[in-house]
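Student: I would like to see how this sequence folds:
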Amino acid sequence: MQGKTNFVNPAQMLGMDATYEEAKVVVFGAPFDGTTSNKAGTKFAANAMRLESEGLETYSPLLDLDLEDAKVCDVGDVELSYGLAERVVDELEAAVSQILADKKIPLMIGGEHLVTYPAVKAVAARHSDIHLIHLDAHTDLREEFGGSKLSHATVLKRIWDILGDGRIFQFGIRSGTKAEFDFARVQQHTYMEPLRINTVGSVLESLAGKKVYVTIDLDVLDPSIMSGTGTPEAGGITYRELEDFFLLLRDADVEIVGADVVELAPGHDPSGVSTATACKVLREMALILAK
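Tutor: Residues are numbered from 1 along each chain as shown. This is a model prediction of the structure:
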């Protein structure tokens, strides 16, 4: 690689084998779950997905795109320090900044949702007017959680501190405090569609010509589909609804400058179905970014 970030790569995601130099999209893992508030295990997601991806085809019938025709590189996991979330945030910001400096699009595999904060921070430093598309079961808008401002429960509030009003669009949200919902819906600091993702198309139309970062917390899916996550929440969207989102994103007149897929906790679904689903989500996102 052209920078100095250390990556550990015990395996590689199927079809994401372009060299770093030729790649347009760089996939990497962020194995951190130090602030999870329910069930831990998201730090194992990327490696579990790499192994599970052997059962996945490189071709997406939904998108009519193939990883064999795309320039996608899986560089492995960022080598993160143990201990303070502050240190991990700095390390991830540096890794994403390096990928951006090399004129590539970062696609991160979490890890818990806090890892989105340093990624967006790095992207916002390079692109001054980015907008965030956020799919999730949870608001993640708390000012602090467990006495800390850095948590997977505060990640969207930390991102709002950077982006401000009118640039965060939340979908599928069905859990959070009343204060968080008021912050979004009554005070209108973010755009929020609770429970559903029906307005994604109109929002993407309104963002035509804009730069966009996309974060997908896999618990936006109903736990009957995605049980392998640390904080499952009943009432989620179906995978077919998520496919509609992918089609809208593929055809939208926006520039996606970064993305992530977070909160898979593979150990909580011994069947492997959740991990296989996460692999498919990652494949679709990689193809959309690379097209």
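
Student: which SS state does Ile216 fall under?
Tutor: strand (DSSP: H, G, I helix; E, B strand; the rest coil).

Student: next, find the distance separating it from Arg167.
Tutor: Ile216 sits 18 Å away from Arg167, taking C-beta to C-beta, to the nearest Å as the criterion. C-beta coordinates here come from the backbone N, C-alpha and C atoms, glycine included.

Student: looking at these two, which has the bigger crowd around it?
Tutor: A direct count of neighbours by other C-beta atoms under 10 Å for Ile216 and Arg167 places Ile216 higher, at 28 against 20.

Student: ranges for the helices of the stretch 51-200 of the chain?
Tutor: All helices of the stretch 51-200 of the chain, identified by DSSP state H, counting those that start in this stretch, fall at 85-101, 116-126, 155-163, 178-181, 200-206.

Student: any idea how far the shortest one is from the chain center?
Tutor: On the basis of C-alpha atoms, centre = their mean, to the nearest Å, the separation between the geometric centre of helix 178-181 and that of its chain is 23 Å.

Student: tell me, how many residues neighbour the closest residue to Ile162 other than its chain neighbours?
Tutor: Distances taken as C-beta to C-beta, 6 or more residues apart in numbering place Ala124 nearest to Ile162, at 5.3 Å, with adjacent residues excluded. Around Ala124 sit 20 other residues, with neighbours defined as other C-beta under 10 Å.

Student: contact partners for Ala124?
Tutor: 130, 162-163 (C-beta atoms under 8 Å, 6 or more residues apart in numbering).

Student: may I ask which of the residues you listed has the most neighbours?
Tutor: Going by other C-beta under 10 Å, Ile130 tops the contacts of Ala124 with 21 neighbours.

Student: separation between the residue nearest to Ile162 and Lys71?
Tutor: Counting by C-beta to C-beta, the gap from Ala124 to Lys71 is 25 Å.

Student: what of Gln188?
Tutor: 40 Å.

Student: for Val89, same thing?
Tutor: Relative to Lys71, and taking C-beta to C-beta, Val89 is found at 29 Å.

Student: who's more crowded, the two?
Tutor: For Val89 versus Lys71, neighbours defined as other C-beta under 10 Å are more numerous around Val89 (20 against 16).
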